[in-house]
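*Asks:* what's the 3D shape of this:
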Amino acid sequence: MDYRNRRAVLTEDGHPKKTGSYAEYLVQTALKVLNTERFRYVLYGEEVGVERSEWSTWEDVEIKRDMEEALTAHTEIVRAEVRSMMRAGQEMHLRILITGLAGQVELEEAISV
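*Replies:* Just a heads-up that it's a prediction; the model follows:
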């Protein structure tokens, strides 16, 4: 999934593109969680997503906690540590260390707030 452009990534023959490595899978999983508003989609239930609609009124420490709790609620993610977070206009630049069941990856991403 391309979360920046909000569309599915397809192969040449029109099938959904699969991740190529475990690290890529962890990044895609984290982006799904961070780009999903909690309580908005019945399909995901209340355990998937973050409360981004509230972030504008929250302190940075509360946003970090929300992200880390949301990421570790996923069954594949054992630990998530927000290492840096910087607001720049309508974007938040993140660096998050994600530890999964079978590996670890550092996610560096800018998400819209």
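*Asks:* where's residue 69, which helix or strand?
*Replies:* Using DSSP states H and E, residue 69 maps to helix 60-72.
*Asks:* which helices and strands sit right next to that helix?
*Replies:* helix 22-34, strand 77-88, strand 91-100 (3 or more Cβ pairs under 8 Å, 6 or more residues apart in numbering; DSSP states H and E). C-beta here means a position set from N, CA and C on the backbone, and glycine is covered the same way.
*Asks:* go with 6 Å
*Replies:* helix 22-34, strand 77-88 (3 or more Cβ pairs under 6 Å, 6 or more residues apart in numbering; DSSP states H and E).
*Asks:* Could I get the phi/psi values of the closest residue to residue 47 other than its chain neighbours?
*Replies:* Spatial nearest neighbour of residue 47, chain neighbours left out: residue 73 (4.8 Å); criterion: Cβ to Cβ, 6 or more residues apart in numbering. Backbone geometry at residue 73, expressed as degrees, to the nearest 10, gives phi -70, psi -20.
*Asks:* ok, now how distant is residue 73 from residue 14?
*Replies:* 32 Å (Cβ to Cβ, to the nearest Å).
*Asks:* Look at the two and report which has more neighbours.
*Replies:* Legend: neighbour count by other Cβ atoms under 10 Å for residue 73 and residue 14, higher for residue 73 (16 against 6).
*Asks:* Could you report the neighbour count for residue 104?
*Replies:* Neighbours of residue 104 (other Cβ under 10 Å): 13.
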